[in-house]
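Engineer: following is a predicted model, sequence given first.
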Amino acid sequence: MDRFVVISGCSGGGKSTLLEELRRRGHQVVEEPGRRIVIEELDRGGSALPWVDAPAFARRAMEMSIADRSAAAAAPGLVFFDRGLIDAAAALQHLTGEATLAALKQSHRYNRNVFLTPPWPEIYVADRERRHDLAAAIAEYDRLSAVYPSLGYQVHILPKTCVEKRADLVLSVLKSA
């Protein structure tokens, strides 16, 4: 769907900060499924965590991403997704070898312009929900950098600059598309 825009890339690369700026500018934002799942699982003592049962975590992220897309259909204007279905499917395929990405070439489409935050070691921070190290985050970024173009998306690597300039760039690309 042309109104659904993915902001993806390296963990700790400034996605959430960018999405908060886009929200501040009046746009709808869908929070990252992975963080929501980790918070829920930690709060209830569950095991669908990336460091406990990564395939179960990825499957939950896919389910949540599909539900997020359905809920976002009612929102007017652009809707920005902090990661989404493709990220979750790419993770599951990497973990299990299941061909989860093939179906996404035709269905559950997002805006053809996808924005990736590159690895940014100077701002990377692990926390309660993000327990993997920078090397794992970079490996995931490398996979996503290949997956999105393979599905026909135009990838835009965001510069390591202030959040206002990043948001301006995203909106400029979308406006000219």
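Structural biologist: Structure's in. What do you need?

Engineer: between the two ends of stretch 23-32, what distance do you get?
Structural biologist: Using C-alpha to C-alpha, to the nearest Å, one end of stretch 23-32 lies 14 Å from the other.

Engineer: helix/strand/coil for residue 49?
Structural biologist: coil (DSSP: H, G, I helix; E, B strand; the rest coil).

Engineer: show me what the host helix or strand of residue 6 is packed up against.
Structural biologist: In the assignment (DSSP states H and E), residue 6 maps to strand 4-9. If contacts are counted by 3 or more C-beta pairs under 8 Å, 6 or more residues apart in numbering; DSSP states H and E, strand 4-9 sits against helix 15-24, strand 79-82, helix 85-96, strand 113-117, helix 134-150, helix 163-176. Where C-beta positions appear, they are placed from N, C-alpha and C, glycine not excepted.

Engineer: who's in contact with the last one?
Structural biologist: So the one you mean is helix 163-176. 5, 7, 14, 17-18, 20-22, 25, 78, 111, 113, 115, 156, 158-159 (C-beta atoms under 8 Å, 6 or more residues apart in numbering).

Engineer: now do the fifth one
Structural biologist: Under the contact criterion C-beta under 8 Å, 6+ apart, helix 134-150 has outside partners 8-13, 86-87, 90-91, 94, 101, 114, 116, 118-119, 121, 124, 155.

Engineer: residue 169 and residue 160, how far apart?
Structural biologist: 12 Å (C-beta to C-beta, to the nearest Å).

Engineer: now do residue 73
Structural biologist: In terms of C-beta to C-beta, residue 73 sits 33 Å off from residue 160.

Engineer: looking at these two, which one has more neighbours?
Structural biologist: residue 160 (14 against 10; other C-beta atoms under 10 Å).

Engineer: quick check: the more buried one touching residue 118?
Structural biologist: Yes. Residue 160 lies in contact with residue 118 (C-beta atoms under 8 Å); the separation is 6.9 Å.

Engineer: once you drop chain neighbours, what's closest to residue 100?
Structural biologist: Excluding the flanking residues, the one nearest residue 100 by C-beta to C-beta, 6 or more residues apart in numbering is residue 89, at 4.1 Å.

Engineer: one more: residue 76?
Structural biologist: The shortest distance from residue 76 to any non-neighbouring residue, by C-beta to C-beta, 6+ apart, is to residue 28 (7.8 Å).

Engineer: that neighbour - how many residues pack around it?
Structural biologist: Around residue 28 there are 18 residues (other C-beta under 10 Å).
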